[in-house]
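*Asks:* okay, sequence plus prediction incoming.
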Amino acid sequence: MKAEKAEVASSGVEKLIERLREEAINAGQAKAEDIVLNAQKRAAWIVEEAEQEAQLLLEKARAEAEALKSSGVDALRLAGRDALLKLRDTLLGSFSQEVMRVVGKQMAKSEFIEQLILALAGRVREKTGLDQNSKIIFQLPEDIVGVEDLRRNPEELKQGALSHLTAAIASDLLRDGVSFEVSDQIKSGIVIKLEENNMVIDFTDEAVTTLFLEHLQPRFRALLQGIVK
């Protein structure tokens, strides 16, 4: 009888142990599955965050590259514009210097000065009011009249009989009161002084060049800009 009771008790304990073991195993499996599930969710979140971060970095890099490209294009456009402006200014400067050189060279010729004096003393004299001025002075550059010759013969200048020019000027075109002077301020061309009117008519190379450039520079600039072909 005692033996049967002992056997029954032992069987109950084993069942209890077996039940507890199964419960522990099930709990462990559930815990493991939960850990795995959480790990998978965490991994998926990390991947999603990484993808979003990568996308943001990519978009930022693209925006910076686009901005850099745009600024580069603007810089090139600006540099090109500056280069064209500099080239245009250089060409305009060279053009002005060339006009000044040609005008100065032409007006430094004694033949040209003679023709200019004849024109002013004759055909243009009335229009410019030369006849109403009793004293008219033609100022000439030193080179055109030969300063060294004048130093050797100063009476020539005082008498207004510059042999280099007056020989070529018709005497009937000039009249009393017309005289000549030399000026170291004139490189080429002439200056006419109407003393009674306190008027000065500037026909120097600088004045003529300025007039030419006022007319020529706008057209030359238009040619450079392609407005006029």
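*Replies:* Arrived safely. Numbers count the residues shown, from 1 in each chain.

*Asks:* low pLDDT regions in this structure?
*Replies:* 1-6, 8, 121-134, 144-177, 227-229 (pLDDT under 70).

*Asks:* what about the strands in it?
*Replies:* 136-141, 178-183, 189-194, 199-204 (DSSP state E).

*Asks:* so for Leu57, which of those sits nearest?
*Replies:* For those, the distance to Leu57 is smallest for strand 199-204, at 72.0 Å, taking Cβ to Cβ. Where you see a C-beta, it was placed from the backbone N, CA and C, and this is true even at glycine.

*Asks:* contacts for that closest one?
*Replies:* Residues outside strand 199-204 that contact it (Cβ atoms under 8 Å, 6 or more residues apart in numbering): 107, 116, 120, 128, 133, 186-194.

*Asks:* what packs against the longest helix along the chain?
*Replies:* The helix that spans the most residues within the chain, counting by DSSP state H, is helix 2-107. Applying 3 or more Cβ pairs under 8 Å, 6 or more residues apart in numbering; DSSP states H and E, one finds that helix 2-107 contacts helix 110-121, helix 205-224.

*Asks:* quick one: it to strand 199-204, angle?
*Replies:* Note on geometry: by axes from the mean of the first three to the mean of the last three Cα atoms, to 10 degrees, helix 2-107 and strand 199-204 are set 110 degrees apart in direction.

*Asks:* sorry, back to before: between the contacts of strand 199-204, which is closest to Ala44?
*Replies:* Closest approach to Ala44 among the contacts of strand 199-204 (Cβ to Cβ): Lys187, at 91.0 Å.

*Asks:* any chance of the contacts of strand 199-204 in JSON lines, with neighbour count too?
*Replies:* What follows is the contacts of strand 199-204, written out as JSON lines (neighbours: other Cβ atoms under 10 Å):
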{"residue": "Met107", "neighbour count": "24"}
{"residue": "Leu116", "neighbour count": "18"}
{"residue": "Leu120", "neighbour count": "20"}
{"residue": "Thr128", "neighbour count": "14"}
{"residue": "Asn133", "neighbour count": "19"}
{"residue": "Ile186", "neighbour count": "22"}
{"residue": "Lys187", "neighbour count": "16"}
{"residue": "Ser188", "neighbour count": "22"}
{"residue": "Gly189", "neighbour count": "25"}
{"residue": "Ile190", "neighbour count": "23"}
{"residue": "Val191", "neighbour count": "19"}
{"residue": "Ile192", "neighbour count": "21"}
{"residue": "Lys193", "neighbour count": "17"}
{"residue": "Leu194", "neighbour count": "18"}
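
*Asks:* tabulate these (JSON lines), appending distance to Glu214.
*Replies:* As requested, these are exported to JSON lines (distance: Cβ to Cβ, whole Å):
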{"residue": "Met107", "distance to Glu214": "17"}
{"residue": "Leu116", "distance to Glu214": "20"}
{"residue": "Leu120", "distance to Glu214": "21"}
{"residue": "Thr128", "distance to Glu214": "20"}
{"residue": "Asn133", "distance to Glu214": "28"}
{"residue": "Ile186", "distance to Glu214": "21"}
{"residue": "Lys187", "distance to Glu214": "20"}
{"residue": "Ser188", "distance to Glu214": "19"}
{"residue": "Gly189", "distance to Glu214": "17"}
{"residue": "Ile190", "distance to Glu214": "20"}
{"residue": "Val191", "distance to Glu214": "19"}
{"residue": "Ile192", "distance to Glu214": "21"}
{"residue": "Lys193", "distance to Glu214": "24"}
{"residue": "Leu194", "distance to Glu214": "24"}
